[in-house]
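**Student:** Structure here, sequence nowhere to be found:
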């Protein structure tokens, strides 16, 4: 896949799937804009890209703050002149709890980051893409957006919401040729999943046991799916939620 002369924006790019996807786009020739709430992680990733001869900038951004996201898109366009691709990946997990025992604050945080954060990004990315009359967006949902997951009510609700938002947006912007899809990873070797394994080892062990391929996914495997969705090879795909889960939902 060749992304030369393309500009790709990736949120949650400081680590895990976001970082891996940013590097994959850069290696495929794109200029990349890395955004994350963690300044140090972004700086480290950008320095690695620049040292390898890639075109990249890093911008600290809290996706729950709309003005932060507006500034992010403005800086991306100011630096590179356009916005061809966006991967709205920023997200977080919440503690594994029965609904009756869960904290309202955790639910609010899951919705604010995982769902409202995607809405904020879509709004300002699409303002630019609408002017251009072209662009491709991938939102990061989860297998928890395609199935009910016990003891993860807030997280599951937020990820279901991402898929609904993806489908609605795809219908709105299809007449302009702007495609919008979602990628739905299963459990993947990321810092977020590592933290979940440390805090909820029994729950995570049970989850991994249910994966037909018998292992966690790798960040580069999710990145490959995102790049395909953004490529001409997926030119007739929009409004789709692509599961990349080692067969978890095939049962």
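**Tutor:** The structure has been received and is ready for your questions. This is a predicted model, so every value here is computed, not measured.
**Student:** Need the distance between the two termini of stretch 215-235.
**Tutor:** With Cα to Cα, to the nearest Å applied, stretch 215-235 spans 31 Å between its terminal residues.
**Student:** buried residues in it?
**Tutor:** Buried residues in stretch 215-235, counting neighbours by 16 or more other Cβ atoms under 10 Å, are found at 216-217, 219, 221-231, 234. The C-beta positions use only the backbone N, C-alpha and C, and glycine is treated the same way.
**Student:** In helices, which of those residues fall?
**Tutor:** 219, 221-229 (DSSP state H).
**Student:** which residue is nearest the middle of the protein?
**Tutor:** By Cα atoms, centre = their mean, the chain has its centre lying nearest to residue 89, at 1.8 Å.
**Student:** show me what contacts that one?
**Tutor:** Residue 89 is in contact with 10-13, 17-18, 21, 140, counting by Cβ atoms under 8 Å, 6 or more residues apart in numbering.
**Student:** Please enumerate the helices of the stretch 151-251 of the chain.
**Tutor:** 153-173, 191-199, 201-209, 219-229 (DSSP state H, counting those that start in this stretch).
**Student:** Confidence-wise, which of those is weakest overall?
**Tutor:** Lowest mean pLDDT of the helices of the stretch 151-251 of the chain: helix 191-199, a mean of 78.
**Student:** Pull the residues that contact it.
**Tutor:** By Cβ under 8 Å, 6+ apart, helix 191-199 touches 15-16, 91-93, 95-96, 187, 203-205, 216.
**Student:** Could you tell me the angle between that helix and helix 201-209?
**Tutor:** Orientation of helix 191-199 against helix 201-209 (axes from the mean of the first three to the mean of the last three Cα atoms, to 10 degrees) gives an angle of 130 degrees.
**Student:** Which positions in helix 191-199 come out as buried?
**Tutor:** 192-193, 196-197.
**Student:** got the helices of the stretch 151-251 of the chain as a markdown table, with distance to residue 110 columns?
**Tutor:** Below are the helices of the stretch 151-251 of the chain laid out as a markdown table (distance: least, Cβ to Cβ, whole Å):
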| stretch | distance to residue 110 |
| --- | --- |
| helix 153-173 | 4 |
| helix 191-199 | 12 |
| helix 201-209 | 16 |
| helix 219-229 | 20 |
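**Student:** Which one, of the ones you listed, ends up nearest to residue 145?
**Tutor:** helix 153-173 (3.4 Å; Cβ to Cβ).
**Student:** Show me what that closest one is in contact with.
**Tutor:** Residues from elsewhere that reach helix 153-173, judged by Cβ under 8 Å, 6+ apart: 91, 93-94, 97, 99, 102, 106-107, 109-111, 113-115, 118-119, 122, 126, 129-130, 137, 139-142, 144-146, 148-149, 179-182, 184, 238-239, 241.
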